[in-house]
Every structure is written in structure tokens, then in C-alpha cells.
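K.L.:
the sequence and its predicted three-dimensional model are supplied below.
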Amino acid sequence: MPKTETETPKMKPRPIVRLGIFLISHSLLVCVVCCTAGVLALLLLPLLAKSTYISENALMPGSASSMISNRDISEANRLASDLSGLNFEPQDAAALESRGILTKYMSDLGAEVSYHKFHHKPNQFHPLHFFSSPDSTSSVDNFSCSAQGVNTVGIIRAPRGDGKEAIVLVTPYKFGKSGTAETLSLSIAYTVFSLLSRVTWLAKDIIWLVADSQYGEYAPVEAWLRDYHTPVFTGLGALNADTCIKIDDLYALEQKPIVQTKISDGFRRAGTMAAALIFKVADRNELLEDTLNIYAEASNGQMPNLDLINIVNYLAVHRQGLRVKVEKVLSLLDSRWLEILGEIFEVLGKVARSLNPGWKFGISAADYVEGSATLASSLYNQALGIPTGPHGAFRDFQVDAITLEISPKVSSHNKARYNEFLLRGGRSINNLLEKFHQSFFLYMLTSPSKFVSVGVYMIAFALLVAPLPLVAASLYADANQLDLGVKNTKSTTTAPDELDITFRSWKWLYAAKEVFLVHVWGAAVSLLPYFI
Amino acid sequence: MSIFLLLFIDIATAYSSHSSSADTAKHTNNWAVLVCTSRFWFNYRHMANTLSLYRTVKRLGIPDERIILMLADDMACNARNKYPAQVFNNENHRLNLYGDNVEVDYRGYEVTVENFLRVLTGRHETAVPRSKRLLSDEGSHILLYMTGHGGDEFLKFQDSEELQSHDLADAVKQMKEKRRFKELLIMVDTCQAATLFNQLHSPGVLAIGSSMKGENSYSHHLDSDVGVSVVDRFTFYTLAFFERLNMYANASLSSLFTSYDPKTMMSTAYYRTDLYQRRLDEVPVTNFFGSVMETIHTDSAYRATPRKMSNRAGISMAVEKTAQDDDRRTLIDSDVQDPTSHTMTKDQNCPFTRTMNTFFEKVERIEHPDSLVNYGLVLMLPLLMVSVWLSS
């Protein structure tokens, strides 16, 4: 009987199955192609960056004029001189005194002042707490009385607002051993705060947190936020926090006649936070012009809404004439091969534009190098997951926050522009009706006014990751074939039975070793932030 | 024979006395429906637009009881307002539009498409108070002004619904059928405003929009003190036209419509006159935007004077009307023909149709049809006998 009669005709498999089989069989080639394409896409990202734009209509940054008078500035100067006069006293007394002075100035404005005591916990970062809120129960035990700080919080209630939302202004300050930069930041924040206490257009409450930064800037902000979002109704939490206070110190502070109004013992809250701005003045001075550094990356690679960066950038550049900078990887700026690549792209862009004027994706080589340095820094910070400033604590509670660091010019005495800048930013956020939600949450900056959104950088990432399942499938197919081959030989011969059995019984050890190695590598990567 | 003679005489008298039909009603009152459909603080200028028109219309004579003002949000008492309880439409802050006597009929979330259409068509639930109803009649001239965000054939209400052009056209058609207006002027200040009245087909409607399809309508200027744009360009130039007028001015509609300059407005104000019979240069703006009361001085009381045929035919009367009563009104005016009654619609031109219509109306108004039929039958008997006698 001919074979063709008994064998059923083979049906051709569907095209996608055929494509899959083709890819798996040529997995090495596909891998190489995908990886190079991925790397190329990564290198192309600074070219594909779009200009930023304000997505939320309600913000309207810069549309209102400011109303800072000389009286406010003179009051702020008085505060600064009072605080810097304390630098010659011993530290503990100076800390208490400066706190008292600040409290007096705040309560003179009519704000509600309260103290927040916290304990410093070293090594804060737990990589597994991305989806759950930071653990509040762990703060009860195992604290040491020496590492304790006191934040000063001032709250202005909006006279015609509904009290449901708040804007937060944070200034880190070392009570007792402050430098001129920190005193300057405090005086600028005080000017803005005093103005906000008198305006009629406030729709949200304003919280000014003067964070005690003797143990770092992140810890006090994070502790305050944690206590803000976990209200304690039994009073036991407050007791625990109070046991280490040198009781006579604070008692003495509250009894001093300079403090007229009663300082609140309890924790004052002001509703949900619409946005937060952490403001500080850097110790270094710039040569050419006033510079504003923006730090945006928060814990676990979260970023604040792009609109917040957009309004800060717009107000700084177009209204105040400041120069805005974002963090860069400085070593990349000098890299020769990056410059060569930039020049190649510039030439390509010019060629494309000459072919068709509609294709405008070419940028200059210098822009390309800067853009890729900024992009590399952004990638690194987001991948590592460690916040680049105290604003990172806010993102854990879904509050958009950025850190603004000002480096004033050496010879400049014009501090009023920072007051205006903060005031305009505050007014813009005041106009919001909902939290920031219109603009991007997943993006990478290539310059303060250019960004790459997730839809673009995900392509590069997908190209780099796509080979992995392909290789896995091809390895599995190979293993299957090997198995089949072994089975076939086994069915034909019976003599090397025992050898086969022993051979296949030790095979699992190799597999187990591979799995163990991969797990160890994964654990090392996830614990990496502990060591940095 | 005699019954036919009777009927013929009736028709003739009815025709001569029945001088006012539905389409030839006199213009007796003016109404204004002013709608602002946007909420949120950054849409301050739409509120300012509507309040400016409100102020203009009140200044030129329309009283509050004949204005329906629909404002979707409260800007004056918004916490973000630097000047609480004040609304400005110009950065010189010369005019506070939100003074002491602003009566808002539909406020906040009551401004919906459903309520808007109910106001236009008059189909309210029984509990709705009179101040929220458009109690117009067939002698009314209505000004309908709408502002907000819009687009191609739609107008956005409150960020959550839309009014489409065919909805508006349907509402206007219902209004015409129920004889709720004599003439209607629709003024729309949104982006692509002219598309909103693409589908209108009822006679007696005049419509102007601030921009054509594909064009945006822009705001006029930004008030850096309040921090928002305070007025739109189309409304700004409309107000610039009206601020020069008072109640007795007789500027015509065509001078208003031709005063819009596309270059300064940055959009083309498009108006549609194909549904409107009168010539625009004969219609004074106070026919829609104001309410002119002609006062006649009499030396002694209660002496009826013959009404002069004047150019300004608007005489306001307070018309009482209950909710169930929407029968036709017949005006008793034996002496004088109203100059506006010369407009005849096409199907009235044929005399046969006219006579048949009057005949049917006369027949409908007979109180005792049974007795008439009986008389007719009784009168037929002698006719029958005569004809039988002649044929035999």
C-alpha cells in the first residue's frame, strides 16, 4: 500500500504560529537584532523628546501680577538677622531660641503654629514598600532618645476656602547651627508666607513646614508626612513620642513671654495636599546668573506630574529670568563618542530637513550631548529608586512635590524675584480644582523643557526585553528536542538504560544551580539601595 | 340657496374683521434668555460675557421678570476671586457687573441641557415657579444669548453634556408651533459658533455667531490683577456698540452686525438671515435688546386715543397667562392695521385657501351645530317640493 494513502495530509499552521516558529529557530539572530535596535532606540531618545506644555487649563501660570511690598522684605530681613545673631550661642540653647523666634514671627502673622516631634531612623529605604503605605507601627518601638528632632509647622487657613485642601511649602533648616544660605531660604519663605496670610484669593490652606534637618533632609519630612496621614485617636502615639523630651526645655519655651499665643500640642492638619514645594538655597554661588535646580525623582522611580515641573520651569524662565537646570551625569558631558554620535545625528537631521521641510527632528550636537547626559541621570535615578531630595517622601502619599534649589549669583542682592516666583507658583496651584492629573506621570526629562514620555521610551525597553522570552522559548525547544532524542535512542536500545537514568537524574542539579544563581542575583539587585 | 347665501355673507364679514392671524401678531413684549454654560474659575470670561449682556439688556429696558439668566457657576463668590462679590469685564475695573440687583434664575448645577430646553419649549413640571419660566407669547421678541465652550454643531454644558444643533433647531421648531415667539434672535459666542444654528428652519429666526466653522473665538484681554481673561472678543465689541446707545436710540441691527471687524475679532462673525423676513436695516436693535415703552401723555384720564402708526411698534403689556392656558390670543383692534401685519406668508397668497380657511374657522365657532343642521334640513323641504313640481 502506498504511504500517501494512509498518512493524513499535513495542514499548514497559521501564519502567526509560523512566525513564532521562525523567530524561535533563528533566536540568536533575532536577539542580536533586537538588542542593537534597543540600544539604538535608547541613543535616539534625546532626538525624540518633545517640548513641554501646560496640560491643565486651570493652572494659568504667570497670569497674575504679584504684590510684594518693601515692608514684607524688611520684616524678612529682620527675621534673618535675628536668627543669624544666635549663631554664637551654644547649640542647644540656640536651637531653642531660634525655634522660639520663628514661632513668634509665625504667630504674629496669624498662623497656627504647632510642633512635631519625630525620631530619626537610620536606613529608611525598604524596597518592598512600593504598594503599601509606609509602616507606622514600626515607629513605636526601638527608638533612641538622642536622635530626635522637632519640626515647626505653621498653617494659614484660607478665609473663604473650604479647608479641604492645602499647599505645602517646606524649608529644611538646622536649628542652632544654620548657615547663611539656610537663613536666606527661611527669610524668603517667610516673605511668601506673610504675603499669603493677607491675600484674598486663597482657596486652599497653606502649610509651612520648617523641617529640622540635623539628621538629614529626608527624615523629618517623611516623619511628618507619616504622622499627618495616620491620625491617632487614643493619644498613646503622642505619649510615646513625648517620653524622650527633655520636659523642662519645651515647658520653658512655652512659658516664655515672647510667645503670646498658645502653641498647639496636638497635631494640626489641613486636609489633603494638592502639591508641595521644597525650597532651599544652596551653599554654593554661581558665577554667571541665578540658577534654579529642580529635583523631581521620588522613591521607587515615581515622578511627580509633569505639569508641576512645567509651571515651575515656565515661571522661572519666562517670568523671572532664572536659569533652570536639571541633574546631569557630568562624566558623560565630556565623552568623545557621544559627541561624535551627536554630530552624526545633526548631519542626518539636516539631510532629512532638506529632503522634506516637515521633518524637524534634528538637534544640534551640543544639545544632544546635554540631553543624553540628563536622560542618563534621569534613567539612573528612576531605576535605582532612591529619592533625590526630601520631595520623595511626598510621592508615597500620592502628593506631587519637587525640590527647588536656588544658587544665587555671587553679587546679586535681588532676593525679591524668588519671592515673586514662589508666590506665582502658589497662586497657580491655588487655581487648581483637582489634583494634578492631566499631564504625564511616567516620563524622563532631557532638559527642563523637553521630555520623553512613556510611549516612546517603552519602545527601547521593549526591544531590549523582547529577546528574553524568545531565548527562553528556544532553549525550551532545544531541551524538548534533546528529550525526544534521548527518548528515541532509549526506545531503540536498552543497554545504556542505567547510564541514561543516572545522567538524567543528575540533570536537575544543573537546573537548580542556574535557578539559585538567578535568585541570588535578583536579591542582590533588590537590596542594592540599602548599600547606597 | 339661502344657506349658501348665509354662509357667504358670514365669510365676507369674518374676513374683514379677522385682521390678526397667528403670523400677523403685533410685537408686544421682549424677552431675553441669557445662558452661560461653563463652570470653573478659568472660565471667568464666560460669566463676565453673560453678565455684561444682562446689564446691557436691563439698562435698555427689559425688566428682570422678562429675563431668564442661567449662570453655571458663581465667580463672584469664588474663593479665588481677589475682589470678592465683584465681577469685571475689563481690566480697568470700571464696571462691577455683579451689583445689587442681579437676579439669577438658574444657577450652578441647574444649568443643564434639559432645563434649557424646558425653558425654551415651556414644558415645565407644575412645581417650577413663574420666575423660571419663559412666559412669552406670539407677540414676543426673544433674545437668546449663549456663551461657553463649543465646537462643530455643539455647545458644551458644564463639562459633562452637550447641546447639539439639531436639538436647538427642534426646540425652536416647537416654540414656533406653539407660537411662543414672533421673532427670535440667537447670539452665540463660542468657538465655531455659526455651526450651532446650521439646522434651524423655523421662520422668524435671526442668528449670529462669533466664529465660523474651523475658527476659534478668542478672549479679549487678560486681567493680570484678577489673574484670568475677563471678556471674549465678540462680546467685547458687542458691548462697545451698545455702550454708546440709550433706550431711545434707533440704531439698526444691520449696523450692529456690520460693526464686527474680522481683523480685530480674529474670527468672522457670521449671521444668517434666510429665515428672517424683514430687512435688517429696518429693525432697531431695541426690538431685541431693549424694551421701549411708548408713553402717551393724556390730559384727562380714560380717553382712548387713536394709536399712531409709528416706526417703533413695540408696546409692552403685562400679559397674564396661566400654565394650562395656551390658546391663541386674538387682539381686538378694529381701527388700525398694524404695519407689521403686511407680511403674508406664502400659503396665504392664494385667495381660495384664504376663503376656505375663514370658512372653516367660522364653522368651528358655531355654538349649536345641531340646530343649524336642523334648520338646514327644514329649509331643504321647500326646495325639494319646488324641484319636484318643476320636473313633473
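P.N.:
Good, I have the coordinates. Numbering: from 1, shown residues only, chains lettered A, B, ... in the order given.
K.L.:
touching, residue A:277 and residue A:402? I think so.
P.N.:
Yes: here residue A:277 reaches residue A:402: they are 6.7 Å apart, a contact under Cβ atoms under 8 Å. Every C-beta, even on glycine, is put in place using the N, C-alpha and C of the backbone.
K.L.:
is residue A:324 in a helix, a strand, or coil?
P.N.:
Judged by DSSP: H, G, I helix; E, B strand; the rest coil, the three-state class of residue A:324 is strand.
K.L.:
residues in contact with it?
P.N.:
Counting by Cβ atoms under 8 Å, 6 or more residues apart in numbering or on different chains, residue A:324 makes contact with A:291, A:292, A:293, A:294, A:312, A:313, A:316, A:317, A:448.
K.L.:
now chain B, which segments are flagged as low pLDDT?
P.N.:
B:1-2, B:4-23, B:292-295, B:303-349 (pLDDT under 70).
K.L.:
which helix runs longest in it?
P.N.:
In chain B, assigned by DSSP state H, the helix with the most residues is helix B:369-391.
K.L.:
tell me what that one is packed against?
P.N.:
helix B:2-17 (3 or more Cβ pairs under 8 Å, 6 or more residues apart in numbering or on different chains; DSSP states H and E).
K.L.:
next SSE downstream of the helix it packs on?
P.N.:
Tracing the chain past helix B:2-17, the next element assigned as helix or strand by DSSP states H and E is strand B:29-36.
K.L.:
which helices and strands does that next one pack with?
P.N.:
Counting by 3+ Cβ pairs under 8 Å, 6+ apart, strand B:29-36 packs on helix B:44-59, strand B:67-71, helix B:113-121, strand B:140-147, helix B:286-289.
K.L.:
quick revisit: show me which of the contacts of residue A:324 are buried.
P.N.:
The neighbour count (16 or more other Cβ atoms under 10 Å in any protein chain shown) marks A:291, A:292, A:293, A:294, A:312, A:313, A:316, A:448 as buried among these.
K.L.:
need the overlap of contacts for residue A:277 and residue A:402.
P.N.:
Joint contacts of residue A:277 and residue A:402 (Cβ under 8 Å, 6+ apart) are residue A:312.
K.L.:
and stretch A:182-196, C-alpha only, in CSV?
P.N.:
Output in CSV follows, covering the C-alpha atoms of stretch A:182-196 (Å, rounded to 0.1, in the frame of the first residue of the first chain):
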residue,chain,number,x,y,z
GLU,A,182,19.6,78.3,55.2
THR,A,183,18.7,81.6,56.9
LEU,A,184,18.2,83.1,53.5
SER,A,185,15.8,80.3,52.5
LEU,A,186,13.9,80.8,55.7
SER,A,187,13.6,84.6,55.1
ILE,A,188,12.3,84.1,51.5
ALA,A,189,9.8,81.5,52.7
TYR,A,190,8.7,83.9,55.5
THR,A,191,8.1,86.7,53.0
VAL,A,192,5.9,84.4,50.9
PHE,A,193,4.1,83.1,53.9
SER,A,194,3.4,86.5,55.3
LEU,A,195,2.0,87.7,51.9
LEU,A,196,-0.2,84.6,51.7
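K.L.:
other residues contacting that stretch?
P.N.:
Counting by Cβ under 8 Å, 6+ apart, residues outside stretch A:182-196 touching it are A:67-68, A:72-73, A:75-77, A:79-80, A:83-84, A:102, A:105-106, A:109, A:111, A:154, A:156, A:169, A:171-174, A:178, A:202, A:206, A:208, A:210, A:279-281, A:406, A:408, A:415, A:418-419, A:422-423, A:426.
K.L.:
measure how far that stretch is from the centre of its chain, please.
P.N.:
Per Cα atoms, centre = their mean, to the nearest Å, the displacement of stretch A:182-196 from the mean C-alpha position of its chain is 24 Å.
K.L.:
SS state for the closest residue to chain B within the stretch 1-150 of chain A?
P.N.:
Residue of the stretch 1-150 of chain A nearest chain B, by Cβ to the nearest Cβ: residue A:64 (3.3 Å). Classification of residue A:64 using three-state DSSP returns coil.
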